[in-house]
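**Student:** This is a predicted model, with the sequence first.
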Amino acid sequence: MSINLQYHCGKFQLDLTRPKVMGIVNVTPDSFSDGGRYSSVDLAVEHALQLVAEGADILDIGGESTRPGAEPVSLDEELRRVVPVLEVLSKVTAVPLSIDTYKPEVMQAAIQAGADIVNDICALREEGALEIVANSNVGVCLMHMQGVPQTMQINPSYTDVVVEVKKFLADRADACLAHGIVRERILLDPGFGFGKTTAHNIALIQHLDSLLELGFPLLVGLSRKSVLGKIVGGDELQRLHAGLAASVVSVIKGAKIVRVHDVKATVDALKVVAAVM
Ligand code: 7PJ
């Protein structure tokens, strides 16, 4: 099946003929230092603008960490973090804004505040999420996850990880289509690190072509993830080179969007790929 390369998201139509770089913007709790207070909103906006200057094609704004074992953030706190950031960025940037959330209430508020894409690690399985996206014009990224973030890395288990991830993503895409969300608005993501061992993650990269058979553009997120640490050693901030290799391999294998922390380095790496492909 051929993949639609004109991705419709909010007021944007994104041409995926050339792969795109999604820059990660984490809105963390306000920090305090010698009586001074650094607003998480100001810091996130500043970081987002830096990523756009480095060449980010999309910004992904998140207010709750979903890393393995991370504690959930309350609805009110998540709204307090992400809504003002989206309100500012939608006025001052010309790139699509994605909201990284699984909470329907956050999706609704984010769309109102200017988000163009709902990026959901739960693939719109929360009650009401499908309807909110269907009743808007935003794009959606449907991600696979086994279990929930608090416990997903305890004992991930599959008979065939590629077959099972593919089946899950096909079912979630069908649910979207049944709710009237057209194909042009849907991205799929295997969900690296979300209830997967190193072997599972590697098998999914090796068989990305199998997921492409579903006919949707693929987004992949491997930036700084522990699977890279398992391969090269080192902590999170020592995974840049491994991450670049992962983005390059993913794009050569057909991914259309890479979700990364290190935008400038990734943009350069993908320019080299583009020059020779
Ligand atoms: C992903 C994500 C990913 C999508 C996170 C981290 C964990 N959204 N949100 N895909 N990962 N679509 O960045 O380490 O892989 S949060």
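**Tutor:** Yep, that arrived. Numbers count the residues shown, from 1 in each chain.

**Student:** Which pLDDT value belongs to the residue of the stretch 101-250 of the chain found nearest the ligand?
**Tutor:** Residue of the stretch 101-250 of the chain nearest the ligand, by C-beta to the nearest ligand atom: G221 (2.5 Å). From N, CA and C alone the C-beta is placed, and that goes for glycine too. Here the pLDDT value assigned to G221 is 98.

**Student:** Then the one 10 residues further on?
**Tutor:** The per-residue pLDDT reported for I231 equals 96.

**Student:** Would you confirm that it belongs to a helix?
**Tutor:** Yes - judged by DSSP: H, G, I helix; E, B strand; the rest coil, I231 forms part of a helix.

**Student:** which stretches of this structure aren't confidently modelled?
**Tutor:** Along the chain, the model assigns pLDDT under 70 to residues 32-37.

**Student:** What residues does it have near the ligand?
**Tutor:** By C-beta under 6 Å from any ligand atom, the residues of the chain that approach the ligand are 66-67, 100, 119, 121, 141, 143, 189, 191-192, 219, 221, 225, 259.

**Student:** Can you pull out the residues in contact with the lengthiest strand in the chain?
**Tutor:** When every strand of the chain is counted residue by residue (DSSP state E), the longest turns out to be strand 20-26. With C-beta atoms under 8 Å, 6 or more residues apart in numbering as the test, strand 20-26 has contacts from 14, 44, 47-48, 51-52, 54-62, 65, 85, 98, 219, 223, 256-261, 263, 266-267, 270.

**Student:** in the stretch 151-277 of the chain, which spans are strands?
**Tutor:** Counting by DSSP state E, counting those that start in this stretch, the stretch 151-277 of the chain has strands at residues 186-189, 219-220, 257-260.

**Student:** Now that we have those strands, can you turn them into JSON lines and tack on mean neighbour count?
**Tutor:** Below are these laid out as JSON lines (neighbours: other C-beta atoms under 10 Å):
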{"stretch": "strand 186-189", "mean neighbour count": "26"}
{"stretch": "strand 219-220", "mean neighbour count": "28"}
{"stretch": "strand 257-260", "mean neighbour count": "28"}
